[in-house]
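Enquirer: Attaching a predicted model along with its sequence, questions to come.
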Amino acid sequence: MSQLSERPEKSVVGVPLPHESAVLHVTGTALYTDDLVFRTKDVLHAHPVQVMKAHGRITAIRTEAALEVPGVVRVLTGADVPGVNDAGMKHDEPLFPDEVMFHGHAVAWVLGETLEAARLGAAAVEVDLAELPSLITLQDAITAESFHGARPVMLSGDIEAGFADSAHVFTGTFQFSDQEHFYLETHCALAHIDESGQVFVQSSSQHPSETQEIVAHVLGLHSHEVTVQCLRMGGGFGGKEMQPHGFAAVAALGARLTGRPVRLRLNRTQDLTMSGKRHGFHAAWRIGFDAEGRIQALDATLTADGGWSLDLSEPVLARALCHIDNTYWIPNARIAGRIAKTNKVSNTAFRGFGGPQGMLVIEDILGRCAPQLGLEARELRERNFYQKGQYTPYGQPVTQPERISTVWEQVKRNAAVVDRDREIAAFNAAHPHTKRALAITGIKFGISFNLTAFNQGGALVLIYKDGSVLINHGGTEMGQGLHTKMMQVAATALGIPLHKVRLAPTRTDKVPNTSATAASSGADLNGGAVKNACEQLRDRLVQVAATQLGVNARDVRITEGVARALGTERELPWDDVVRTAYFQRVQLSAAGYYRTEGLHWDAKAFRGAPFKYFAHGAAATEVEVDGFTGAYRIRRVDIVHDVGDSLSPMIDIGQVEGGFVQGAGWLTLEDLRWNTDDGPQRGRLLTQAASTYKLPSFSEMPEEFNVTLLENAPEEGAVYGSKAVGEPPLMLAFSVREALRQAAAAFGPGATSVELASPATPEAVYWAIQPARQGGAHAYRDEPDASVVASATRVGTEALSGA
């Protein structure tokens, strides 16, 4: 094992520990950004002036009436911006726009002594608008050819030869929904200016360095004049990677103009109507199989709903293309991507960052095509697993293909699949109006940012004279347990008990130029940096201890807070070593740095090795469906997930469970609806509260939920042999959707292919059952195709859509 991956004896990593803030969370004493308002004097409150039209050009804004409202201090408009009036990294997101691009777009902000005064002031602002035509749905944009950003194409093999060699060719389309983050803490920022004009912003942000950069360029300042701190977030899920910057900039602008602290916190309705979602996608595809059901070729076009601006849509689309293969070898592929420009909020990062959308496409294809190939869906998947020596369509070798089969076979054993298949068959035979099904799906998810430059991390570790340790790193805590893992890494690297380590909030003046806590890379990047800093300090202290113990430094080990000389009884407590080092003028602070090695990516050619490694997992899900209503319940879920050699098993199991449930919500419950008629409310988000947007709750939890971490699977070249865990488990929920498909098919004759909407709500399941009951109206007809071999079978798009 490499030095990065090797674990010392009696290490703190690998020990199951609760979240470092768990007690604070459950007792309500954990502080979040908005809690700091009550510790700050003379705070002004910001409220948006939203225009409730989908698209239009602003011809006038009149603020005089707002300034007459008691308690209103100032109205912020574009004329007040001393720097760049833009909140995005692509310079396509005006902070104060002159064109309304979506229903609820904020065009100005009112500052008041109270939030109620600011709200009344915002209501008094008059905005004149020349309305323009709007595109609300993804299909509207495709029809109008409204696209923006890059249009990548991923090519591998010989696509035409692949189809020529195919015994069966199918075509189809698939459109699936976006998803709201619905973090518990809405977007929030608190800004103030100190006596030297330094701007300090508390922000609920996954990317404080970028928040710092945006605030600086809006105010016309340099980055060293702006400090951003993220204490902790009440959830993020990607929604706070890019989108907090504009809100922080508004708060900072208000503070700079008034000289008073400014608080900006969106209420739930504002957060839902003003912030971006997971990208919904449309896929048009054509796939070829050989006579044994092995994929020969895939030709697909993926269209992402980017909303009104680019935000992170380009890298989201790129990751979707890179994950359309999932666990399956596709020797010949042509996958095109494009981003639709619609008059909706600007869609953004969401757990998985495009990976779930790409993987969902291939899983849906296999689920729909398996009956037409005369195969069980499980068997079709197994036949197409990656094998040793095979490459992804973008040219990266799949280095651990055996783990795909390992987790798959283990979940089959853990779930007693063979026995339960028999039980389900007997149950279904005895119950004509209720059906059960058990589906297994796997995942292969690439870990690293697609943009190679982002794959770096920094840390600052301080040892005080009493032996206590304070660590700072560039990652942010949003409930995922990153800080817990970093404390364990530091304690392990230094060889001290965990109670000696404390972690400071993430601040841009402690660790600069950090990457977002995203792409499941937080523990890899920041753990590598923390470990690097701690090893510098340990090497210095080992030299001090060696002198005190009278041995060579190579013979000194620090474990459990004691420095020991190998082969002797001599030892020194950690605190004594630190104190001696101080008096010997040995530096007791270190800046750590880590960069992920071995990555390369050509975005134009869409080729390279963008990922450090792949995370693997498999899930087996059993559902029961009521044929009269489409209502269903998840009876049992078994998961085997590959986290390498876990840094913190309790944290990792929690991430697997939470990711799975969030994925199940996206695929089965969460149904965002927009007003698409031509009336005055066109473009309005209709599902703008928890009363109309259904989230997973205890009632949707599996009745039996078993999670196992793959054992004896250390990852070479990663921090203490661990693997990322934040995003990959979300895709394990594909097994829920595929089980629902199979249960719907069970209402009909054998080999019934079922088209299932996403999200697969009870209503969608009901409408999928009806054709199956009627003998398989969705069963596909065979048509000859002169473009493939004589024995080929072709299924047209119209057949797949049930026409």
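Expert: Perfect, thanks for sending it. Numbering: from 1, shown residues only.
Enquirer: which residue packs closest to Glu131, ignoring adjacent ones?
Expert: Gly56 (4.3 Å; C-beta to C-beta, 6 or more residues apart in numbering). Bear in mind the C-beta positions are built from the backbone N, C-alpha and C, glycine included.
Enquirer: Phi first, then psi, for that neighbour.
Expert: phi 180, psi 160 (degrees, to the nearest 10).
Enquirer: secondary structure class for Asn347?
Expert: coil (DSSP: H, G, I helix; E, B strand; the rest coil).
Enquirer: any idea how far it is from Ala615?
Expert: From Asn347 across to Ala615, the span is 24 Å (C-beta to C-beta, to the nearest Å).
Enquirer: pLDDT at Glu783, what is it?
Expert: Listed pLDDT for Glu783 reads 37.
Enquirer: wait, doesn't the residue nearest to Glu131 sit right on Leu129?
Expert: Yes. Gly56 lies in contact with Leu129 (C-beta atoms under 8 Å); the separation is 4.0 Å.
Enquirer: Point me to the helix or strand that includes the spatially most central residue of the chain.
Expert: In the chain, the C-alpha nearest the mean C-alpha coordinate belongs to Arg351, at 1.6 Å (C-alpha atoms, centre = their mean). Assigned by DSSP states H and E, Arg351 falls within no helix or strand.
Enquirer: residue farthest from the centroid of the protein?
Expert: The outermost residue of the chain relative to its centre, with distances by C-alpha atoms, centre = their mean, is Gly550 at 51.9 Å.
Enquirer: Count the residues that sit near the closest residue to Pro497 other than its chain neighbours.
Expert: In space, and not counting its chain neighbours, Pro497 is closest to Gly561: 5.3 Å by C-beta to C-beta, 6+ apart. Using other C-beta atoms under 10 Å, Gly561 has 17 neighbouring residues.
Enquirer: and if you look at Ala429?
Expert: Residues lying near Ala429 (other C-beta under 10 Å) number 9.
Enquirer: For it, give its distance to Asp555.
Expert: Distance from Ala429 to Asp555, by C-beta to C-beta: 71 Å.
Enquirer: so where's the longest helix in this structure?
Expert: helix 522-549 (DSSP state H).
Enquirer: In terms of secondary structure, what does it contact?
Expert: strand 456-463, strand 469-473, helix 482-494, strand 556-559, strand 562-565, strand 571-573, helix 574-583, strand 589-595 (3 or more C-beta pairs under 8 Å, 6 or more residues apart in numbering; DSSP states H and E).
Enquirer: So for Ser11, which of the ones you listed sits nearest?
Expert: Nearest of the helices and strands packed on helix 522-549 to Ser11, taken as C-beta to C-beta: helix 482-494 at 4.3 Å.
Enquirer: Distance across stretch 505-525, terminal residue to terminal residue?
Expert: 17 Å (C-alpha to C-alpha, to the nearest Å).
Enquirer: For it, which residues meet the burial criterion?
Expert: Within stretch 505-525, the residues that count as buried by 16 or more other C-beta atoms under 10 Å are 505-508, 510-511, 514-525.
Enquirer: returning to that earlier point: list the contacts of the residue nearest to the centre of the chain.
Expert: 237-238, 659, 662, 726-727, 730 (C-beta atoms under 8 Å, 6 or more residues apart in numbering).
Enquirer: next one: Gly395
Expert: 156, 607-609.
Enquirer: could I get those residues as a markdown table with distance to Thr580, secondary structure and neighbour count?
Expert: Formatted as a markdown table, these follow (distance: C-beta to C-beta, whole Å; DSSP: H, G, I helix; E, B strand; the rest coil; neighbours: other C-beta atoms under 10 Å):
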| residue | distance to Thr580 | secondary structure | neighbour count |
| --- | --- | --- | --- |
| Ser156 | 60 | strand | 22 |
| Arg607 | 55 | strand | 18 |
| Gly608 | 50 | strand | 17 |
| Ala609 | 47 | strand | 19 |
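Enquirer: Between those, which sits nearest Arg436?
Expert: Taking C-beta to C-beta as the measure, Ser156 is the one of the contacts of Gly395 closest to Arg436, at 39.0 Å.
Enquirer: any idea of the angle the longest helix of the chain forms with strand 456-463?
Expert: Angle, helix 522-549 to strand 456-463, by axes from the mean of the first three to the mean of the last three C-alpha atoms, to 10 degrees: 40 degrees.
Enquirer: re earlier: got any residues that touch both of Gly56 and Leu129?
Expert: With C-beta under 8 Å, 6+ apart, Gly56 and Leu129 have common neighbours Val100.
Enquirer: Tell me which helix or strand comes right after the host helix or strand of Ala161.
Expert: Assessed by DSSP H and E, Ala161 sits inside helix 159-164. Later in the chain than helix 159-164, the nearest helix or strand by DSSP H and E is strand 168-176.
Enquirer: List phi and psi for the nearest residue to Arg773 once chain neighbours are set aside.
Expert: Take Arg773 and drop its neighbours on the chain: the residue closest to it by C-beta to C-beta, 6+ apart is Phe747, 5.1 Å away. Phe747 adopts backbone torsions of phi -80, psi -10, taken as degrees, to the nearest 10.
Enquirer: before we move on, back to that, buried sites along the longest helix of the chain?
Expert: So, applying 16+ other C-beta under 10 Å, buried residues of helix 522-549: 522-538, 540-542, 544-546, 548-549.
Enquirer: one step back: just the closest of the contacts of Gly395 to Val736, please.
Expert: Distance to Val736, by C-beta to C-beta, is smallest for Ser156 among the contacts of Gly395, at 30.5 Å.
Enquirer: mind checking how far that closest one is from Arg319?
Expert: Taking C-beta to C-beta, one finds Ser156 at 17 Å from Arg319.
Enquirer: avg pLDDT for the longest helix of the chain?
Expert: The pLDDT scores in helix 522-549 average 98.
Enquirer: What strand or helix carries the nearest residue to Pro610 once chain neighbours are set aside?
Expert: Ranked by C-beta to C-beta, 6+ apart and with sequence neighbours excluded, the top spatial neighbour of Pro610 is Trp601, at 4.3 Å. Assigned by DSSP H and E, Trp601 belongs to strand 600-602.
Enquirer: now that strand, how far from the chain's geometric center?
Expert: 22 Å (C-alpha atoms, centre = their mean, to the nearest Å).
Enquirer: Determine the set of other helices and strands touching it.
Expert: By 3+ C-beta pairs under 8 Å, 6+ apart, strand 600-602 packs against strand 607-609.
Enquirer: Outside of the strand it packs on itself, list whatever touches it.
Expert: 394-397, 598-602.
Enquirer: Checking my notes, Arg502 in a strand, right?
Expert: Yes. Counting by three-state DSSP, Arg502 is part of a strand.
Enquirer: That one against Ile463, yeah?
Expert: No. With contact defined as C-beta under 8 Å, Arg502 and Ile463 do not form a contacting pair (11.5 Å).
Enquirer: quick one, which of the two is more surrounded?
Expert: Comparing Arg502 with Ile463 by other C-beta under 10 Å, the one with more neighbours is Ile463, at 27 against 13.
Enquirer: what's the nearest residue to Val417 once chain neighbours are set aside in contact with, if anything?
Expert: Closest residue to Val417 apart from its sequence neighbours, by C-beta to C-beta, 6+ apart: Ala620 at 6.2 Å. For Ala620, the contact set (C-beta under 8 Å, 6+ apart) comprises 411-412, 414-415, 417, 438-440, 637-639, 735.
Enquirer: Mind checking which of those are in helices?
Expert: Going by DSSP H, the helices hold 411-412, 414, 417, 735 from these.
Enquirer: Which of these sits closest to Ser146?
Expert: Ser146 has its nearest neighbour among these in Ser735, at 35.4 Å by C-beta to C-beta.
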